[in-house]
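Chemist: After the sequence you'll find the predicted model.
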Amino acid sequence: MLLLAGFLGGALLGFVRARSRGGTLADALQWGFGHGAAGLVLAVILYMALRAAGVLD
């Protein structure tokens, strides 16, 4: 669930940023995917850190 939240949060951020800068729908989708991928990577790093700390089992 953490990974999905990371991707969707990043995708939403990228979509909104592109639209606020006057981008087309294609720009917003591309920015959304790019930011979503970055959010997913950060979520994976956070997940691994929490697993190593013993917070998640």
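Modeler: Alright, I've got the coordinates. Numbers count the residues shown, from 1 in each chain.
Chemist: quick one, helices of this structure?
Modeler: Taking DSSP state H to define them, one finds helices in the chain at 2-20, 25-53.
Chemist: residues contacting residue 28?
Modeler: With contacts taken as CB atoms under 8 Å, 6 or more residues apart in numbering, residue 28 has the following neighbours: 14-15, 18-19. C-betas here are computed from N, CA, C, even on glycine.
Chemist: Looking at those residues, spot the one nearest residue 56.
Modeler: When the contacts of residue 28 are ranked by distance to residue 56 (CB to CB), residue 14 comes first, at 26.9 Å.
Chemist: Switch the helices of the chain over to TSV; also include mean pLDDT.
Modeler: Below are the helices of the chain laid out as TSV (pLDDT from 0 to 100):
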stretch	mean pLDDT
helix 2-20	97
helix 25-53	97
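Chemist: Return the most buried member of the ones you listed.
Modeler: helix 2-20 (a mean of 17; mean count of other CB atoms under 10 Å).
Chemist: who does that helix touch, helix- and strand-wise?
Modeler: With contacts defined as 3 or more CB pairs under 8 Å, 6 or more residues apart in numbering; DSSP states H and E, the secondary structure elements packing on helix 2-20 are helix 25-53.
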